[in-house]
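J.: Quick one, fold the following:
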Amino acid sequence: MKTLFTPTLGMYLCTISAILNERNVARIRDIARNRKVKPPTASNAVMRLSKLGLVNYEIGEFIVLTEKGKNEVITWENSIDTLNRLFHDVLHMDYKSSKQEAEKLAFHVSKHAEQHIKSFLKHQLT
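T.: Alright, predicted model coming up:
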């Protein structure tokens, strides 16, 4: 069965990136704690990310983002930033709430819709 990249895997990928930025080392237990899941659930997600070529991971070892994984994180972070700007700057949500909502929705918004949001923001905020 082919492994598909899902919004949930995207959230795991961004979690791994955030942990690596903070501590330089990512372990299954760190990811599980951050995502509020049990270690086997986090391990399953990391194994799926590994099959997709987004992380390098061997059981019992540290997790490392591949170049492909790093590029995917940048794409998602840009999507989160776009939605955060919409919620905060246009809809006037407080920053913490706008960031949380953007993080939840970024993985569900199509690239087409995101381009329209970016265009809207460019014209609204200039």
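
J.: what bits of the protein have low per-residue confidence?
T.: 1-2, 126 (pLDDT under 70).

J.: What segments of it are strands?
T.: 55-56, 64-65 (DSSP state E).

J.: Could you dump those into JSON lines with mean neighbour count and distance to His112 added?
T.: No exception for glycine: its C-beta is placed from N, CA and C like everyone else's. Listed next are these as JSON lines, based on neighbours: other Cβ atoms under 10 Å; distance: least, Cβ to Cβ, whole Å:
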{"stretch": "strand 55-56", "mean neighbour count": "20", "distance to His112": "28"}
{"stretch": "strand 64-65", "mean neighbour count": "16", "distance to His112": "27"}
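
J.: Between these, which one is closest to Asn24.
T.: When those are compared by Cβ to Cβ, strand 64-65 sits nearest Asn24, at 10.4 Å.

J.: residues making contact with the closest one?
T.: 13, 16-17, 20, 26, 54-57, 73 (Cβ atoms under 8 Å, 6 or more residues apart in numbering).

J.: Before I go, just wanted to say thanks for your time.
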